[in-house]
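[1] Provide a 3D model corresponding to the input given below.
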Amino acid sequence: MIRGVILFLLLNLTVLPANAQQDKLVLRLTKESSALFKSYKFFVQEVEDKRNLPGAGLGKVIAFGKEVPVVLPGKAESELFNYWSFAAPKKEQGYLPVYITVKELSINEKRIGPNKVTGDIKLHVQFRWYRNMQPVELTGYQTSANYTRPEQDYAYEKLLKQLLDQSLASLQKWMISNAGKTPALAQNLKVVFKELTNPTSTDTVFYSPKRPLVWDDFKVRNGKPGSRYAAAVFTSFAYEGRSYPKDNDVVVEIGLKIFMVKSMSWGRPESRTASTLRHEQIHFDITRLVVEKFKERLRKADLTIEDYDSEIQYQFLEAFREMNHDQEQYDGETGHGLNAAAQAAWDRKVAAQIDAVYQVQ
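    Numbers count the residues shown, from 1 in each chain. Okay, the predicted model is just below:
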């Protein structure tokens, strides 16, 4: 929120023409080239008048020797939209469509003595825009000025336009200083993936095509009680994420971990052969390939800046289920490695898929 307060100003402004009627004073917001913004990345999409008394009225001033209402020619939201749109017209498709809510706009005066009038002018606006039909709050501007003047014709239009110009200037300044720093200004979501391969524990082997499993990775040398299988490898995957604004994007960086746990993997001493180890390596490869499927799920998912995290978690769970299905299918078709022909077919298929993954990377 930007707040400016000017107290007890004695303003000697050149009088600008107002529509002077004896029962009210009409202020016309004339458009001047000096009010045009030279560099900006927004345009005014809509103005809402949310004052306690919306409409054309601004307050009451001392004019024509008496207290009279001061008004705009039409409703405030229309008059302000036309004025601000002139100052910052839409030029580029990528400009931010800004909605301005007017919470306060008033001019009020009272006579405090012979030929002496005191008054105040107030402006309070809030800026926002809509992303995926959801409101995104940007910043606000609130200012007021108190003044004392002699009882004569007075340039209210000039004073009012100064405040209106300052409000847009404050938005422009805020956008410049916060560009690439706040998600509120981001218009797009960008997902990037990073494979994490640095182990944080000696009990973990992170996946690498250059580092195949060896029997020493299987710390348990006895078979699982009641199991008739020769060996078993515990593989899994996980992710960790962070997000940060960059230019006009929110970047979601997903760190992927594909790993096996040594203390949960086992192989009977009599079964530690090259063919059995190869069968277990394919299990690890399948886990790696499922991660590619997880990435593809996210590329196709409807991720939004407002709620990307829950969708990522959902797709992770779906990919985890897919991993379990693929592992069971592999063991089922190969007979846990006992069907040599099926095992050879899986070897060729998985090896080709792994090569494709790392050739692309």
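[2] now the strands for the stretch 151-300 of the chain?
    Along the stretch 151-300 of the chain, counting by DSSP state E, counting those that start in this stretch, strands occupy 188-196, 204-206, 231-232, 235-246, 249-261, 266-267.
[3] Please produce a markdown table containing those, extended by mean pLDDT.
    Formatted as a markdown table, the strands of the stretch 151-300 of the chain follow (pLDDT from 0 to 100):
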| stretch | mean pLDDT |
| --- | --- |
| strand 188-196 | 94 |
| strand 204-206 | 96 |
| strand 231-232 | 94 |
| strand 235-246 | 94 |
| strand 249-261 | 95 |
| strand 266-267 | 93 |
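[4] looking at those strands, which is buried most?
    Stretch with highest mean neighbour count among the strands of the stretch 151-300 of the chain: strand 266-267 (a mean of 22; mean count of other Cβ atoms under 10 Å). In this view, the C-beta of every residue, glycine as well, is placed from N, C-alpha and C.
[5] List the contacts of the helix or strand containing residue 349.
    If you go by DSSP states H and E, residue 349 is part of helix 340-360. Helix 340-360 has contacts (Cβ atoms under 8 Å, 6 or more residues apart in numbering) with 209, 275, 278-279, 282, 285-286, 288-289, 292, 330, 333-335, 337.
[6] what about residue 33, how many residues close to it?
    7 (other Cβ atoms under 10 Å).
[7] scratch that, residue 53
    9.
[8] From residue 23, how far off is it?
    Separation of residue 53 from residue 23 (Cβ to Cβ, to the nearest Å): 18 Å.
[9] Kindly report the same for residue 224.
    Residue 224 is 95 Å from residue 23, by Cβ to Cβ.
[10] out of these two, which sits in the more crowded spot?
    Counting neighbours by other Cβ under 10 Å for residue 224 and for residue 23 shows that residue 224 has the greater number, 12 against 8.
[11] Give me the pLDDT value at the more buried one.
    On pLDDT, residue 224 comes in at 70.
[12] and it, how far is that from residue 337?
    Distance from residue 224 to residue 337, by Cβ to Cβ: 16 Å.
[13] quick revisit: so for the helix holding residue 349, mean pLDDT?
    Mean predicted confidence for helix 340-360 is 94.
[14] Over to stretch 56-75?
    94.
[15] The stretch 51-200 of the chain: helices as residue ranges?
    For the stretch 51-200 of the chain, the helices defined by DSSP state H, counting those that start in this stretch occupy 76-87, 156-178.
[16] Now find how far off-centre the last one is within its chain.
    So the one you mean is helix 156-178. 25 Å (Cα atoms, centre = their mean, to the nearest Å).
[17] cool, the shortest one as well?
    Taking Cα atoms, centre = their mean, one finds the center of helix 76-87 at 28 Å from the center of the full chain.
[18] Kindly report the same for stretch 220-233.
    On Cα atoms, centre = their mean, the centre of stretch 220-233 falls 49 Å from that of its chain.
[19] Can you get me the start-to-end distance on that stretch?
    End-to-end distance of stretch 220-233: 10 Å, with Cα to Cα, to the nearest Å as the criterion.
[20] Can you name the residues in contact with that stretch?
    213, 218, 260, 263-269, 271-272, 276-277, 279-280, 283-284, 336-337.
[21] Turn the buried ones among these into a named PyMOL selection, would you?
    Entered in PyMOL, the line below selects the buried ones among those, by 16 or more other Cβ atoms under 10 Å:
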select buried, resi 213+218+260+265+266+267+268+271+272+276+277+279+280+283+284+336+337
